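Colleague: here is a sequence together with a model predicted from it:
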Amino acid sequence: MEKVIGFIGSGNMGQAMIGGIIKSGLVSSSNIIVSDLDQKKLDFISGEYKTQVTTDSIELVKKSDVIFLAIKPNIYKIVLKQIKEYVTEGKIIVSIAAGKTLESLEDILGENAKIVRAMPNTPALVNEGMAAICKNGNVTTEELSFVKQLFESFGKAEEIAEYLFDSVVGVSGSSPAYVFMFIEALADAAVLGGLPRDKAYKFAAQAVLGSAKMVLETGKHPGELKDMVCSPGGTTIEAVASLEKEGFRHAVIKCVKECMKKSKEMSK
């Protein structure tokens with residue numbers, strides 16, 4: 001029998017996951033339930049994805065085999081306490097919030113609860129997400145494999161040790177924001193050079209997309225790929241020298257370190 005997947009919360013990340021799962025055919029839309037207090041959001045979800053919807057999270061938990069917590073970290077405790085007694089044997093809770101450790105979730109749901117912690121990112125909206133996942137001791141290898149399949153339906157997923165999650169937040173969970181800033185800066189410079197704004201964004205974004213694809217598909221070191229573009233005495237090496245002078249790499253490393261530091265603070 002096909003598993004029933006529940007989503008408590010229907011924000012951008014929740015919708016990205018719902019859309020990806022349905023598109024992949026892994027789970028049919030009729031076997032997905034979404035709960036939210038915002039009826040307008042539910043009306044949109046029902047019309048767009050043809051899923052079941054409800055304003056009652058307890059009812060969702062009763063009917064679901066896997067429950068995604070697609071809600072803001074500040075209301076986690078409230079929601080978990082509401083659904084705690086209905087998270088019966090066999091149900092799997094999947095948390096996607098930064099700073100919410102397996103231990104902190106077990107403290108509320110109980111030591112017997114099956115819990116998977118995940119850190120996806122917003123490119124899931126275009127089926128190019130990257131997610132880290134880990135499990136507590138109650139989740140079987142087969143159960144984690146199914147959860148991983150769900151995440152892979154809208155991108156890629158890797159199982160890692162929980163102590164590495166702060167690093168994942170810095171390099172993947174939050175990094176789309178840094179990349180968007182980079183694309184924006186590239187485009188601003190192109191506009192300064194006379195290129196129309198719409199074309200500047202397209203050239204910059206496609207260059208970033210293609211460069212990332214080269215790293216993933218060629219298996220070459222990023223430094224080697226950079227060297228392939230840098231002709232002796234050419235324009236690219238001139239630009240690279242300028243970036244080095246301005247501390248480009250140091251700035252990126254520092255921002256990721258600050259992100260990881262904040263993630264660790266949130267886990268306390």
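Modeller: Arrived safely.
Colleague: element containing V94, please.
Modeller: Following DSSP states H and E, one finds V94 within strand 92-95.
Colleague: how far off centre is that strand?
Modeller: Offset of strand 92-95 from its chain centre (C-alpha atoms, centre = their mean, to the nearest Å): 15 Å.
Colleague: please apply the same query to stretch 245-252.
Modeller: Put simply, stretch 245-252 sits 26 Å off its chain's centre (C-alpha atoms, centre = their mean).
Colleague: try stretch 50-63
Modeller: Worked out by C-alpha atoms, centre = their mean, stretch 50-63 lies 23 Å from the chain centre.
Colleague: same check on stretch 136-154?
Modeller: The mean C-alpha position of stretch 136-154 is separated from the chain mean by 15 Å, C-alpha atoms, centre = their mean.
Colleague: now do the buried residues in stretch 192-205.
Modeller: 195, 200-201, 204-205 (16 or more other C-beta atoms under 10 Å). Backbone N, C-alpha and C define where each C-beta goes, glycine included.
Colleague: tell me how far V179 lies from A70.
Modeller: Using C-beta to C-beta, to the nearest Å, V179 is found at 23 Å from A70.
Colleague: what about the two, which has more around it?
Modeller: Neighbours were counted for V179 and for A70 using other C-beta atoms under 10 Å; A70 has more, 26 against 14.
Colleague: pull up the pairing partners for the strand holding V94, direction included.
Modeller: strand 66-69 (parallel), strand 114-119 (parallel) (DSSP bridges).
Colleague: got the CA positions of that strand in PDB?
Modeller: Extracted as PDB, the C-alpha positions of strand 92-95 are listed here (Å, rounded to 0.1, in the frame of the first residue of the first chain):
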ATOM      1  CA  ILE A  92       8.300   9.000  11.000                       C
ATOM      2  CA  ILE A  93       8.800  12.600  11.800                       C
ATOM      3  CA  VAL A  94      11.000  14.600   9.400                       C
ATOM      4  CA  SER A  95      12.300  17.900  10.600                       C
END
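Colleague: how about residues contacting it?
Modeller: 65-69, 76, 87, 105, 109, 113-118, 139, 143, 147 (C-beta atoms under 8 Å, 6 or more residues apart in numbering).
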